[in-house]
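> what follows is a predicted structure for the sequence shown.
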Amino acid sequence: MMGKLAVITVGMFAFGYALVPLYRAICEMTGINVLALGEQVVFGKKAMPSNSQVDTSRTITVEFDANSRGPWEFKPAQRSVQVHPGEMATVVYEFQNVQNRRMSAQAIPSYAPMQASAHFNKLECFCFSQYTLEPGEKKSWPVVFVIDPKLSKDVSTITLSYTFFEVGGKTPAAPVAVAAPVPAESAGS
């Protein structure tokens, strides 16, 4: 009985060990393992799939602008980049709280020309969240974006502008309208 159990145990171990190469062989023959396409060997080198979504036939200049509503510094690390539609790009914006108090702020983006907004896809952006900065604190936050190749071919420059403003701060109350007293002389006329 112990001999039979030992043979079964060794057989199960061998079967489990052989599954990985067996799986690879079956997937190569049938071509069903889509995830392993990058592991295929072509002429002795690994074939890396290229990004077929990048339109290398044209270049778009993306200009960056920064506006702030409040006493802090906010600017892009670089004023512009040139990208191909479909190509991923990263730019960094720099912030500094120059106030002597903690503040919470958020940025709102805008695009020019307006038709570019539907084709400007941000994968990561500081504008997705609100941030709290301590007095004098400096931060750098990235914007990772891709311009959709479906963008009209007549657009060669896009301007991405952010307005950085304080949220949750002390906002003065709206003025209350007070009726001016009517002089007695003009009341009887």
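Yes, it's here.
> any idea of the mean pLDDT in the lengthiest helix in the chain?
Taking DSSP state H as the criterion, the chain has its longest helix at helix 2-30. Here helix 2-30 scores 85 as its mean pLDDT.
> helix, strand or coil for residue 85?
Three-state assignment for residue 85 (DSSP: H, G, I helix; E, B strand; the rest coil): coil.
> could you report the separation of it from residue 79?
Per Cβ to Cβ, to the nearest Å, residue 85 is found 20 Å from residue 79. From N, CA and C alone the C-beta is placed, and that goes for glycine too.
> got it, and residue 148?
Distance of residue 148 to residue 79, given as Cβ to Cβ: 23 Å.
> residue ranges of the helices in the chain, please?
Under DSSP H, the chain gives helices at 2-30, 184-188.
> ok, which of those comes nearest residue 63?
Counting by Cβ to Cβ, residue 63 lies closest to helix 2-30 out of those; the figure is 47.2 Å.
> where does the record place the domain boundaries for the chain?
Domain ranges of the chain: 2-42, 60-166, per automatic domain parsing.
> quick one: closest of those domains to residue 54.
Nearest of those (Cβ to Cβ): domain 60-166, 4.0 Å.
> residue 85 and residue 79: who's more crowded?
residue 85 (21 against 11; other Cβ atoms under 10 Å).
> got the contact list for the more buried one?
54-55, 58, 60, 147-149, 151 (Cβ atoms under 8 Å, 6 or more residues apart in numbering).
> let's see it at 7 Å
If you count contacts by Cβ atoms under 7 Å, 6 or more residues apart in numbering, residue 85 has them with 55, 58, 60, 147-149, 151.
> for the residue nearest the centre of the chain, give its distance to residue 84.
In the chain, the C-alpha nearest the mean C-alpha coordinate belongs to residue 124, at 1.8 Å (Cα atoms, centre = their mean). As judged by Cβ to Cβ, residue 124 and residue 84 stand 19 Å apart.
> go ahead and confirm residue 69 touches residue 163.
Yes: using Cβ atoms under 7 Å, residue 69 is in contact with residue 163, at 6.4 Å.
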